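**Q** got a predicted structure plus its sequence, pasted below:
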Amino acid sequence: MLKKGIIPRKILHIFYLILLIILVGTVGFKMIGGNKTSWLDALFMTATTITTVGYGDVIGLDDKPAGKVFTIFYVLFSTGTILYVFTSLAAYIIEGELKTVFRQRSMERRIAKMKNHYVVCGIGMVGLYIVHELYQSKYQQIAVDSDGEKTETLKAHNVNIDLVVGDATENEILEMAMVRHAKGLFATTNSDNDNVVISLTAKQLNPELRVIARCNDTKNIDKIRRAGADAVVALNYIGGLRMASEMLRPHVVTLIDAMLRDRSSVMRVEEVQVPKHSPYIGKSLEEADFRAVGNILIIALRNEHGEWIYNPMPDVLLEKNMHLIFLSTPEQRDLMTSLLAGQKT
């Protein structure tokens, strides 16, 4: 059964117009021919008239002046209308194809310029949540899915990003998504085997890429890690921890949910790495004075040796490659990144 809206309205109008022309001609020639003319003969006369084939007069117009007048006007009207119909139809098809080509070329140009972006492979329910969070947090991203209709799904959820249509397990498709220049990749398909192949292929194309993979069966976690995934998320495991947290620490969960769902503030727990040549290396948090960024809250620090400093004191010194974990908006995160890199804000 056809879904509502699957046939464009313009095509329907053209179809109805052709039916109207055939109906008018059939009824007209039937009335002119009288009882001696069958409906099939009238339809035949209509078809030969509008197609200008002219097999002959099957209803006998020689002694029917009114029939000749009707035929003259019907030929002029129907032939002109049919010509207009097919011209409009051809223009519609060509225009649609051109729009598709231009849209594809435009998308390819945008994607070719992307660097340090994220690639989301598989736009199911899990992938949809990921692209929505990245979009809300203002990160560049490219979606990959074998179903081209997922473009409409993304638009329905107000996520305006580019979609590469194809199998994410193939090198060519990941190359189209500029995985060589990407910062991270999410393997979120429903198949653990596909996520293994995607992780392995992505790491081969870009060894520096950070890969986060979905796992449906916990027995496949090690397999996906060995394939190259930097982190594996088992949905059942995470779901169980979430349910336990809802029972044991409900207000903490409520706070995190509020940050993720409040579209007015878009507060997030963000992280930024101190570059190797940052002018802030060796300075204390008090000396750094990040008040120019805004009202951010530094929660923790992690040095390049993996050691954590929670709720750091003002005299803690910043080191190269140190990660700052803080609460802020995406705009404040970008300002913090520029500031640590020594760029003017």
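**A** Okay, I see it.

**Q** mean confidence for whatever helix or strand Y84 lives in?
**A** Secondary structure assignment for Y84, by DSSP states H and E: helix 65-112. When pLDDT is averaged along helix 65-112, the result is 74.

**Q** report the rounded mean pLDDT for the helix or strand that it is followed by.
**A** Sequence order places strand 118-121 as the next helix or strand after helix 65-112, per DSSP H and E. The average pLDDT within strand 118-121 is 96.

**Q** stretch 178-188 too?
**A** On average, stretch 178-188 scores 95.

**Q** and it, what's buried?
**A** Using 16 or more other CB atoms under 10 Å as the test for burial, stretch 178-188 gives M178, V179, A182, K183, G184, L185, F186, A187, T188. Quick note: C-beta positions are derived from backbone N, CA and C, even for glycine.

**Q** so where's the stretch 151-300 of the chain shaky on pLDDT?
**A** Scanning the stretch 151-300 of the chain with the threshold set as pLDDT under 70 gives 260-266.

**Q** ranges for the helices of it?
**A** 171-176, 192-205, 221-226, 235-248, 250-261, 285-288 (DSSP state H, counting those that start in this stretch).

**Q** what comes into contact with the first one?
**A** The one in question is helix 171-176. With CB atoms under 8 Å, 6 or more residues apart in numbering as the test, helix 171-176 has contacts from E108, I111, V119, V144, V164, G166, D167, A168, I198, T201, A202, L205.

**Q** show me the chain divided up by domain.
**A** Recorded structural domains for the chain (assignment: automatic domain parsing) are 9-109, 114-240, 267-340.

**Q** in stretch 304-324, what counts as buried?
**A** Buried-residue list, stretch 304-324, by 16+ other CB under 10 Å: P312, L318, M322, L324.

**Q** cool, and stretch 129-141?
**A** I130, V131, H132, L134, Y135, Q136, Y139, Q140, Q141.

**Q** what's the lowest-pLDDT member of those residues?
**A** Q136 (87).

**Q** doesn't S146 make contact with G166?
**A** Yes. Between G166 and S146 there is a contact under CB atoms under 8 Å: 6.3 Å.

**Q** re the thing from before, pick out the most distant pair among the buried residues of stretch 129-141.
**A** The two members of the buried residues of stretch 129-141 with the most space between them (CB to CB) are H132 and Q140, at 14.6 Å.

**Q** tally of neighbours for the closest residue to A66 other than its chain neighbours?
**A** Spatial nearest neighbour of A66, excluding adjacent residues (CB to CB, 6 or more residues apart in numbering): I32 at 7.0 Å. Using other CB atoms under 10 Å, I32 is surrounded by 20 other residues.

**Q** following the helix or strand hosting I32, which helix or strand comes up?
**A** Using DSSP H and E, the element containing I32 is helix 9-33. Next helix or strand after helix 9-33 toward the C-terminus (DSSP H and E): helix 39-50.

**Q** and that next one, how far from the chain's centre?
**A** 50 Å (CA atoms, centre = their mean, to the nearest Å).

**Q** if anything else comes up later, I'll come back, but that's it for now.
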